[in-house]
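S.K.: I'll drop the sequence and a predicted model, then ask my questions.
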Number of protein chains: 2
Amino acid sequence: MTVLILTCRQDVTADMVVARLHDHGVPLMRLDPADLPGAAALSTEYVSGDFQGYLSTGGRLLSMSSLRSIWVRRPGAPAAHAPEPSPWLTAETEQALYGMLYATQARWMNHPSASAQARCKPWQLRIAQRSNFAVPPTVITTFPYAARQFAEQYGDIVVKAASGPPSGGPPVALPTTRIGPDADFAAVSAGPTLLQRYIPKQADVRLTYVGGRMYAARKPAAEGQVDGRYGTSEHTWTAVDTPDRIARAVHDFIDLAGLAYAAFDFAEDEEGVWWFLECNQGGQFGFIELETGQPIAEEVARWLRA
Amino acid sequence: MTVLILTCRQDVTADMVVARLHDHGVPLMRLDPADLPGAAALSTEYVSGDFQGYLSTGGRLLSMSSLRSIWVRRPGAPAAHAPEPSPWLTAETEQALYGMLYATQARWMNHPSASAQARCKPWQLRIAQRSNFAVPPTVITTFPYAARQFAEQYGDIVVKAASGPPSGGPPVALPTTRIGPDADFAAVSAGPTLLQRYIPKQADVRLTYVGGRMYAARKPAAEGQVDGRYGTSEHTWTAVDTPDRIARAVHDFIDLAGLAYAAFDFAEDEEGVWWFLECNQGGQFGFIELETGQPIAEEVARWLRA
C-alpha cells in the first residue's frame, strides 16, 4: 500500500516526511500535478461496474487499488508545466487527476473539499465559536456605519484581510494592522472589511493537530508586535502543554471541519487565555519542529502509513 | 422565515420559482453576488460566542437568523459589478458572502461544496457505478496506448470533454463526437481525453430530481444524432415513469453526492436500458416543464419553503 504526496518539487517540509516514510520502508510516490500531462501520466477505466486507475511518474506506475493515503502538501496547478499551458488544459487535467483520486478509498490529509471550506474565514470563526474557543469580537462588513460602531465599542481594533493576500499578482504583504476608533470607515463600502478587537498578547501560540494528536508551542511576543508573521523577535518557540479546554475545542473544530491536519494560531493574553485567531489547514510545521523538537513530521508519516 | 435565491438578473428559470413562492406568500430575497458590494451590502458580527449576519439589497434587510433556505441558481461572480472589479475583491467578497451563509443553519439547494464535487466527472462516473447505474465503458487517459486499446476493444466510441467547455474565453461548442478505432491517438498525451463506448440510442432521457421526488422525461432520438444538446429534432419531451431500479440508483447517487437538486441525462438503448451519461447539479428544467407539464418549479418552491 502506497502513500501519494502531492507537492511541488522544492518543499523541505515534504522532504522531512518523505525521510520518515523511507525510514519505515513505506512505498511512496511524490507527484507535482503541474507535471501532468508530460513527466507524469494517468489513466482511469470504468468497465462492468468496476474502476481501475493508474498514475505514472519517474518510471513508476501506481495503481489506485494499492493507494493507502494522499497528502496534499503544496501541489502545483495541474498542467502548469505543459508545453502549451492554458486554463482549459488545467481544468481538464484537474478533473482527470482529482476525480480519479476522489474515486478511490484512500484517506486524505486533507481532502480538497474540506480544505476549501476550511479556508473560508467567516465560516471558520463560526465553527470556532461552536467549538467553544474564545473568539475575539469580530465584524466583517460593507456597512461603514457597522464598522464605525464596532470601532467605537471596542476602541482598540485591528483590520485584516478576509481571504488572505491576493493570489496570482505580485506578492503583497498584508499584515494585521492596529487602527483607532477615529479612522475613516467610508471605504468599507468598497469591499468587505474584517475588524477584530485587538488582543494585547504576551505570547503567540501555534497548535499543530495531526490525526488526533496535538503539539502546542509558545513564543513570547516582542514589545508592541501585532502580527507574529512579520518582523523579527529575539524569542523562540518552546513546547507547552495543551490545556484540556483547548484540546476539547480542537477536537470539536476538527470534527466539524473534517480535517486530518490543521495548524491553529492563538494570541495568549495577559491572563493566559488563548484567543482563537485562525486555523490554517495547510499550515507549515517545519519551523516549529526545528525549534521545539516536537515530532510532527514523524506524526504525519505515522498517519499516512496507518 | 425567508428564502434566499442567488442568481443573475436575467434568469427565467428563477422567475418560474419566484412566481410559485409569491403564490404561497413566502418571503424571499433575490440576490446577484455580482452586485455585492454596491447595490447589495452585508455585515457579520461575532460577539460573546454568538453570530449575527445581515444581507441588504433593494432596500430590504435580511437577518441570517430568519433564513430558511438558499437556492444557488446561477449566481454571478461576487463583486463582478463593482466600479473597480479585481480578482482579489472577488475573493474577499466571496469569502464574506458565502462564509456568512455557510455559518447559518439554512438548507441548501445545492451546497457549493457538494456542487463542486458533483461537477467532477471522473468522480461522478464512479459514484454512478456504486449506485448501480448502467455506465457505458469509459476511459480517461493521457496514455495513447490505453486510448488505442480502448478504441480497438469497443470499436464504436465517442470522445467528450471531461470538464465541459472552456470558461472565460469565447463560448466554444464541444459536442460529443463519434470516432473510429483507426483514429490517431498520439495527441492524447497532450491532455487527458475521455473516451466512451457509443450507445446506439433510441431516446434521450432527462430525469430531474428535486428533494426526494423524480420527474423523468423522454425524447426519441433523431436519426444518427449523437449529442442531444446540439441540433434540432422533430420530437418533443414527454413525461415517462421512472423504473424502480433507476429510482433506487438515483437515491443512492444523491445520498453519496449530498445534493438536493440534480438533472440526470441518460441514453436509452434499443433494449430500453437507460445508460448513465451525466448528472448536472445545476441543470435547467424550464424546457422540460414547458414540454411535459411536470410541476418542477412548484416542487423546487415546495422544498425551499419546507
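M.R.: Right, received. Where do you want to start?
S.K.: these two touch, right, A:Gln202 and A:Val273?
M.R.: No - using CB atoms under 8 Å, A:Gln202 is not in contact with A:Val273, being 10.3 Å away. (Each C-beta comes from the backbone N, C-alpha and C, glycine too.)
S.K.: where does chain A have low pLDDT?
M.R.: By pLDDT under 70, the low-scoring segments of chain A are A:164-175, A:224-233.
S.K.: domains of it?
M.R.: As assigned by automatic domain parsing, chain A contains the domains A:2-109, A:117-121+A:200-305, A:138-197.
S.K.: In a markdown table, list those along with distance to B:Arg197.
M.R.: Below are the domains of chain A laid out as a markdown table (distance: least, CB to CB, whole Å):
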| stretch | distance to B:Arg197 |
| --- | --- |
| domain A:2-109 | 9 |
| domain A:117-121+A:200-305 | 36 |
| domain A:138-197 | 41 |
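S.K.: Let's have the ones you listed in CSV, adding distance to B:Tyr209 and mean neighbour count.
M.R.: Output for these, formatted as CSV (distance: least, CB to CB, whole Å; neighbours: other CB atoms under 10 Å in any protein chain shown):
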stretch, distance to B:Tyr209, mean neighbour count
domain A:2-109, 21, 18
domain A:117-121+A:200-305, 24, 18
domain A:138-197, 33, 17
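S.K.: Quick one: closest of those to B:Ala190.
M.R.: The minimum distance between B:Ala190 and the domains of chain A falls on domain A:2-109, with 6.5 Å, by CB to CB.
S.K.: Check the separation of the first and last residues in the closest one.
M.R.: Domain A:2-109 has an end-to-end distance of 14 Å (CA to CA, to the nearest Å).
S.K.: how about that domain, does it reach chain B?
M.R.: Yes - using CB under 8 Å from any CB of the partner chain, domain A:2-109 reaches chain B at A:36-37, A:41-51, A:56, A:79, A:82-84, A:86-89, A:91-100, A:102-103.
S.K.: May I have the helix or strand A:Trp123 falls within as PDB, with CA atoms only?
M.R.: Using DSSP states H and E, A:Trp123 maps to helix A:121-130. C-alpha atoms of helix A:121-130 as PDB (Å, rounded to 0.1, in the frame of the first residue of the first chain):
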ATOM      1  CA  LYS A 121     -12.500  32.600   7.400                       C
ATOM      2  CA  PRO A 122     -16.100  33.800   8.300                       C
ATOM      3  CA  TRP A 123     -17.100  30.100   8.400                       C
ATOM      4  CA  GLN A 124     -14.000  29.300  10.500                       C
ATOM      5  CA  LEU A 125     -14.900  31.900  13.100                       C
ATOM      6  CA  ARG A 126     -18.400  30.500  13.500                       C
ATOM      7  CA  ILE A 127     -17.000  26.900  13.800                       C
ATOM      8  CA  ALA A 128     -14.500  28.200  16.400                       C
ATOM      9  CA  GLN A 129     -17.400  29.700  18.400                       C
ATOM     10  CA  ARG A 130     -19.400  26.500  18.200                       C
END
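S.K.: now it, how far from the centre of its chain.
M.R.: How far helix A:121-130 lies from its chain's middle: 15 Å, per CA atoms, centre = their mean, to the nearest Å.
S.K.: mind listing what the closest residue to A:Val273 other than its chain neighbours touches?
M.R.: Excluding the flanking residues, the one nearest A:Val273 by CB to CB, 6 or more residues apart in numbering or on different chains is A:Ala134, at 5.6 Å. By CB atoms under 8 Å, 6 or more residues apart in numbering or on different chains, the contact set of A:Ala134 is A:273-276.
S.K.: for A:Ala134, which residues make a bridge with it?
M.R.: With DSSP bridges as the criterion, A:Ala134 is bridged to A:Trp275.
S.K.: And it, how close does it get to B:Gly49?
M.R.: Distance of A:Ala134 to B:Gly49, computed by CB to CB, to the nearest Å: 9 Å.
S.K.: returning to that earlier point: could you name the helices and strands sitting against the helix or strand that comes right after the helix holding A:Trp123?
M.R.: Going down the chain from helix A:121-130, the next helix or strand is strand A:138-141, by DSSP H and E. Counting contacts by 3 or more CB pairs under 8 Å, 6 or more residues apart in numbering or on different chains; DSSP states H and E, strand A:138-141 packs against helix A:144-154, strand A:193-197, strand B:40-47, helix B:87-102.
S.K.: partners of the very next helix or strand once past the last one in the sheet?
M.R.: Looking back up the chat, that one is helix B:87-102. Following helix B:87-102 in sequence order, the next helix or strand is strand B:107-109 (DSSP H and E). The pairing partners recorded for strand B:107-109 under DSSP bridges are strand B:67-74 (parallel).
S.K.: by how many degrees do the partner strand and helix B:87-102 diverge?
M.R.: Taking axes from the mean of the first three to the mean of the last three CA atoms, to 10 degrees, one finds that strand B:67-74 is oriented at 140 degrees with respect to helix B:87-102.
S.K.: What are the contacting residues of strand B:67-74?
M.R.: B:1-8, B:11, B:13-14, B:17, B:101, B:104, B:106-110, B:112, B:115, B:282, B:300, B:303-306.
S.K.: Just list what the helix or strand containing A:Ile5 packs against, helices and strands only.
M.R.: According to DSSP H and E, A:Ile5 maps onto strand A:2-7. Here strand A:2-7 touches helix A:12-23, strand A:28-31, strand A:67-74, going by 3+ CB pairs under 8 Å, 6+ apart.
S.K.: how far does that strand sit from the chain's center?
M.R.: Distance, centroid of strand A:2-7 to centroid of chain: 17 Å (CA atoms, centre = their mean).
S.K.: same question, stretch A:3-17
M.R.: Using CA atoms, centre = their mean, the offset of stretch A:3-17 from its chain centre is 15 Å.
S.K.: Using CSV, write out every CA atom in it.
M.R.: Taking C-alpha atoms only, stretch A:3-17 is exported to CSV below (Å, rounded to 0.1, in the frame of the first residue of the first chain):
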residue,chain,number,x,y,z
VAL,A,3,1.4,6.9,0.1
LEU,A,4,0.9,9.6,-2.5
ILE,A,5,2.3,13.0,-1.8
LEU,A,6,1.1,15.9,-3.9
THR,A,7,3.5,18.8,-3.8
CYS,A,8,5.8,20.9,-5.8
ARG,A,9,9.5,20.0,-6.3
GLN,A,10,11.0,22.4,-3.8
ASP,A,11,9.3,21.5,-0.5
VAL,A,12,11.6,20.9,2.5
THR,A,13,8.5,20.2,4.7
ALA,A,14,7.6,17.3,2.4
ASP,A,15,11.3,16.2,2.4
MET,A,16,11.1,15.8,6.2
VAL,A,17,8.1,13.4,5.9
